[in-house]
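Engineer: Got a sequence here, can you build the structure:
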Amino acid sequence: MSDCLFCKIVSGEIPSKKVYEDDCCYAFEDIAPVAPVHILFVPKKHIASAAGINSENSEVVSKIYEAIAKVAKEKKLDGGWRVVSNCGADAGQTVFHLHFHLLGGKPLGVMCDD
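Structural biologist: Model prediction:
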């Protein structure tokens, strides 16, 4: 999509601090980090949100999670890490391109009771 911020980052039109890239996804440092490690993972193909995942594109999610695990290991997040994906405006999604936040490098506290 020509007006999508993350599509422009993936294409190189907007600069970013690249952390990881493969044929399916691109990962870069968040410009407003909420943890010592805060990296965004986005599919190279535009999907607006998790609500747009279907049988034709769902493989991208497993590939992104493989990339997340690899980067978390490289960043030595041995104590644990969190992955967050907001879906829709009510959940706090502000860029409507599917993305996953990798957060770590400090104790993050409990978000939900297990």
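Engineer: all strands for the chain, in order.
Structural biologist: Assigned by DSSP state E, the strands in the chain fall at 18-21, 25-29, 37-43, 81-84, 100-104.
Engineer: wait, which of those is closest to S11?
Structural biologist: S11 lies closest to strand 25-29 among those, at 9.5 Å (C-beta to C-beta). (Each C-beta comes from the backbone N, C-alpha and C, glycine too.)
Engineer: Contacts for that closest one, please.
Structural biologist: By C-beta atoms under 8 Å, 6 or more residues apart in numbering, the residues outside strand 25-29 that reach it are 9-10, 16-21, 38-44, 60, 63-64, 67-68, 71, 102.
Engineer: repeat that for 6 Å
Structural biologist: 10, 16-20, 39-44, 64, 67 (C-beta atoms under 6 Å, 6 or more residues apart in numbering).
Engineer: Name whatever forms a beta bridge with the nearest residue to V83 once chain neighbours are set aside.
Structural biologist: Distance criterion C-beta to C-beta, 6 or more residues apart in numbering; nearest residue to V83, sequence neighbours excluded, is F100 at 5.3 Å. Listed beta-bridge partners, F100: F41 (assigned using DSSP bridges).
Engineer: Okay, F100 and C24: tell me how far apart.
Structural biologist: F100 sits 13 Å away from C24, going by C-beta to C-beta, to the nearest Å.
Engineer: Of the two, which one has the most company?
Structural biologist: F100 (21 against 16; other C-beta atoms under 10 Å).
Engineer: List the contacts of the more buried one.
Structural biologist: With C-beta under 6 Å, 6+ apart, F100 has these contacts: F41, I64, V83, S85.
Engineer: And the contacts of strand 25-29, which is closest to G109?
Structural biologist: I39 (19.2 Å).
Engineer: tally of neighbours for the nearest residue to that closest one once chain neighbours are set aside?
Structural biologist: Leaving aside its chain neighbours, I39 sits nearest to L102 (4.5 Å; criterion: C-beta to C-beta, 6+ apart). Around L102 there are 27 other residues, counting by other C-beta under 10 Å.
Engineer: same thing with A35?
Structural biologist: 18.
Engineer: Check Y65 too.
Structural biologist: Quick note: Y65 (other C-beta under 10 Å) scores 14 neighbours.
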